[in-house]
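Visitor: Sequence and computational prediction follow.
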Amino acid sequence: MDLNLHQVEVRPILPNERRQWIELCQAHHYLGYSGSFGYQILYCAHIDNTWVGLLAFSACALALKSRDDWIGWSPAMRSVRSNLIVNNSRFLVTPNSHNTKNLASRVLSLAIKRLAADWREAHNLEPVLVETFVDPSRFNGTCYRAAGWTEIGMTAGYKRVAEGFAEGSGTKKIFVMPLRKDALEILRSPWHTDLRGEEHFLFDPFSLPIEGQDGLIDTLKTISDPRSRMGRQHSFVSILGVTACGMLAGARTFDAIGEWSKNLSKKQLEKLRCRMNRAPSLTTIKETLYRIDCEEFDRKINAWLARQALKNSQARCIAVDGKTLRGSSNSAPKKPAIQLLSALLHDEKIVVAQRVVEQKTNEIGEVKSLLANMDLSGVYVTLDALHCQKDTMSHIHERGGHFVITVKNNQKTLLNDIKDLFELYGNDLASTCEEKSKGHGRVETRQVQSVEIDPAMAEMLGFPHIRQVCKIDRFARLQSKKIERQESVYVATNVTAAQAPAATMLSIVRQHWRIENSSHHVRDVTFQEDSSQIRTGSAPRVMATFRNLAIGVMRLGGEENIASGLRNNAWAPKSATIRALGLK
């Protein structure tokens with residue numbers, strides 16, 4: 001039956017037409033129809049109310065290597081951009097219309113023209129690309145080519161089910177159709193705007209350099225090998241590589257790393273520069289790590305992480321905080337626990353510098369050395385009250401940085417003077433803000449007030465670089481017990497209220513408070529750092545650096561939940577982090 005193609009119209013079906021649509025699809029489409037995952041829109045193509053075609057558009061495939069490679073997606077990009085792709089999951093020309101030339105391509109074109117607007121109205125999202133799969137044993141995809149679609153590769157042959165994925169009916173051709181000219185530019189953009197309107201850079205884990213210039217392997221090669229040249233069976237790089245990847249797979253102890261390394265494939269051993277298709281033994285790993293120059297190892301690994309984290313941006317905020325390796329102490333020879341001072345990027349949550357605090361000193365004297373190799377121009381450096389010292393403030397200020405330091409009783413005179421300032425200027429504040437949040441069984445309210453400090457007043461306070469002081473009042477109410485808690489925190493900085501108003505200061509201070517969860521908690525709970533019994537030689541510090549490396553690589557690879565990421569690395573054959581290291 002020949003039809004007039006100019007009379008064909010395409011529209012979403014009405015609610016009372018859904019049953020008719022499903023019955024027709026079940027009867028005439030070789031896949032039938034049992035519903036789809038996520039969002040969907042069902043269309044009918046008709047001439048004078050007679051249906052001549054059916055289409056279904058639904059959420060895109062979760063992961064397609066050919067599609068993701070064609071777009072240039074990393075797992076991090078795919079996780080936030082997949083909602084911009086729609087899948088043409090069903091397309092059927094009704095039996096009485098099969099012989100109409102060009103009908104299929106005409107219906108496709110009409111559907112594509114209105115899809116973006118319909119999807120936006122139905123689901124408040126505007127897709128920029130459509131994909132579909134064509135079974136080559138049944139069809140050639142001629143109508144898709146005629147409608148302007150492009151073939152980009154083949155599927156892997158799996159289908160999506162409620163439990164995850166199952167083996168499908170074979171590989172299929174993948175066709176795509178952009179809905180706007182800049183579709184690829186949008187999908188490839190490394191910047192993502194979240195629901196709060198804040199922009200985030202999406203790091204591509206597959207761009208993480210493992211080999212070549214500034215690659216991790218080349219960085220490991222620059223670290224001095226402490227072993228004698230006699231009797232070396234394994235390269236130094238292979239020992240460090242096996243330890244790093246074992247840590248990424250959740251192996252927290254030497255024994256666990258040794259057991260993990262026994263299951264490496266031939267290809268993985270080659271990637272890690274292991275000779276004779278054999279991983280280093282447990283004894284070799286331990287004896288080597290005991291003797292590494294931990295200062296050099298710390299410096300080079302953290303510098304590499306910093307370069308990767310800041311490849312496309314500049315550090316905005318750096319937190320300085322100390323941590324004790326409690327398990328490294330030994331009561332027999334009276335060896336105290338090792339204390340470390342770390343610099344951590346607020347936004348990326350990655351340690352980029354670390355130093356040991358010697359036994360007869362404290363953290364105060366190590367801050368300058370810790371920050372020595374960093375560009376502090378325009379960077380906020382947040383520190384605890386211990387570092388509320390004139391020398392520390394002067395050092396950061398003179399290097400173009402902005403210090404944000406908590407003031408407590410260790411500087412009692414300054415603290416009392418600041419309290420007096422708020423009493424005096426209570427009605428003439430430079431900036432104020434209030435923020436409320438609810439979670440973890442409590443409701444919190446934070447109120448911020450700030451007072452400008454002019455140079456003359458700063459000299460009177462005894463801290464000449466201070467230009468603003470803030471008072472943060474925190475009120476917490478436990479919902480279950482209806483108990484209220486209140487505390488006030490005082491903060492000093494060398495930026496004015498015009499440069500950093502109260503809301504900005506609160507955001508920076510809160511990010512510093514989160515270090516406990518994003519770094520210390522992960523190391524202590526997920527990696528069990530405090531309970532680690534590794535005490536010999538350089539090993540405690542070296543293993544701490546390996547933990548930082550593992551956390552850093554996972555953060556760069558888009559992992560927010562490090563514990564989940566470790567499980568994924570250990571179990572999942574397509575782990576983003578392991579693939580980033582080129583091991584799968």
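Guide: That came in fine, so what should we check first?

Visitor: thought Glu559 was touching Gly565?
Guide: Yes - counting by CB atoms under 8 Å, Gly565 is a contact partner of Glu559 at 3.6 Å. Using the backbone N, CA and C atoms, a C-beta is placed for each residue, glycine as well.

Visitor: neighbour count winner among those two?
Guide: Regarding Glu559 and Gly565, a neighbour count based on other CB atoms under 10 Å identifies Gly565 as having more, with 25 against 22.

Visitor: Quick check: that one touching Met554?
Guide: Yes - using CB under 8 Å, Gly565 makes contact with Met554 at a distance of 4.6 Å.

Visitor: host element of the nearest residue to Lys436 once chain neighbours are set aside?
Guide: Distances taken as CB to CB, 6 or more residues apart in numbering place Thr445 nearest to Lys436, at 5.0 Å, with adjacent residues excluded. Thr445 is located in strand 442-452, with elements delineated by DSSP states H and E.

Visitor: So what's the gap between that strand and the chain middle?
Guide: Computed by CA atoms, centre = their mean, to the nearest Å, the chain-centroid distance of strand 442-452 equals 29 Å.

Visitor: buried ones in it?
Guide: Applying a neighbour-count criterion of 16 or more other CB atoms under 10 Å, one finds 442, 446-452 buried in strand 442-452.

Visitor: just stretch 460-474 next, same as before
Guide: Going by neighbour count (16+ other CB under 10 Å), the buried part of stretch 460-474 is 461, 463-472.

Visitor: if we can go back for a sec, remind me what the strand holding Thr445 packs against, helices and strands.
Guide: helix 412-424, strand 431-439, strand 468-478, helix 502-513 (3 or more CB pairs under 8 Å, 6 or more residues apart in numbering; DSSP states H and E).

Visitor: how about these in JSON lines, adding mean pLDDT?
Guide: Shown next, in JSON lines, are the helices and strands packed on strand 442-452 (pLDDT from 0 to 100):
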{"stretch": "helix 412-424", "mean pLDDT": "92"}
{"stretch": "strand 431-439", "mean pLDDT": "81"}
{"stretch": "strand 468-478", "mean pLDDT": "89"}
{"stretch": "helix 502-513", "mean pLDDT": "88"}
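
Visitor: wait, which of the ones you listed is closest to Arg232?
Guide: Of all the helices and strands packed on strand 442-452, helix 502-513 sits nearest to Arg232, with 45.0 Å by CB to CB.

Visitor: for the nearest residue to Glu484 once chain neighbours are set aside, what are its contacts?
Guide: With sequence-adjacent residues excluded and distances taken as CB to CB, 6+ apart, Glu484 is closest to Arg477, at 4.9 Å. Residues in contact with Arg477 (CB atoms under 8 Å, 6 or more residues apart in numbering) are 442-444, 483-485.

Visitor: can you give me phi and psi for Asp537?
Guide: Careful, residue 537 is Gly and not Asp. Dihedral angles of Gly537 (phi, psi; degrees, to the nearest 10) stand at phi 50, psi -140.

Visitor: immediately after the strand holding Thr445, which helix or strand?
Guide: Moving toward the C-terminus from strand 442-452, the next helix or strand (DSSP H and E) is helix 455-461.

Visitor: Report the buried residues of that next one.
Guide: When neighbours are counted by 16+ other CB under 10 Å, the buried residues of helix 455-461 are found to be 458, 461.

Visitor: now it, how far from the centre of its chain.
Guide: From the chain centre to the centre of helix 455-461 is a distance of 43 Å (CA atoms, centre = their mean).

Visitor: average model confidence for that helix?
Guide: Averaging pLDDT along helix 455-461 yields 93.

Visitor: CA atoms only for that helix - export them in PDB, please.
Guide: Output in PDB follows, covering the C-alpha atoms of helix 455-461 (Å, rounded to 0.1, in the frame of the first residue of the first chain):
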ATOM      1  CA  PRO A 455      46.500  48.200  59.200                       C
ATOM      2  CA  ALA A 456      46.700  50.300  62.400                       C
ATOM      3  CA  MET A 457      44.300  48.000  64.300                       C
ATOM      4  CA  ALA A 458      46.200  45.000  63.000                       C
ATOM      5  CA  GLU A 459      49.400  46.400  64.500                       C
ATOM      6  CA  MET A 460      47.600  46.900  67.800                       C
ATOM      7  CA  LEU A 461      46.500  43.300  67.700                       C
END
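
Visitor: Who are the packing partners of that helix?
Guide: Against helix 455-461 (3+ CB pairs under 8 Å, 6+ apart) you get helix 412-424.

Visitor: buried ones in the helix it packs on?
Guide: Neighbour counts over helix 412-424 (16+ other CB under 10 Å) mark 414-415, 417-418, 421-422 as buried.

Visitor: Nothing else from me, thank you.
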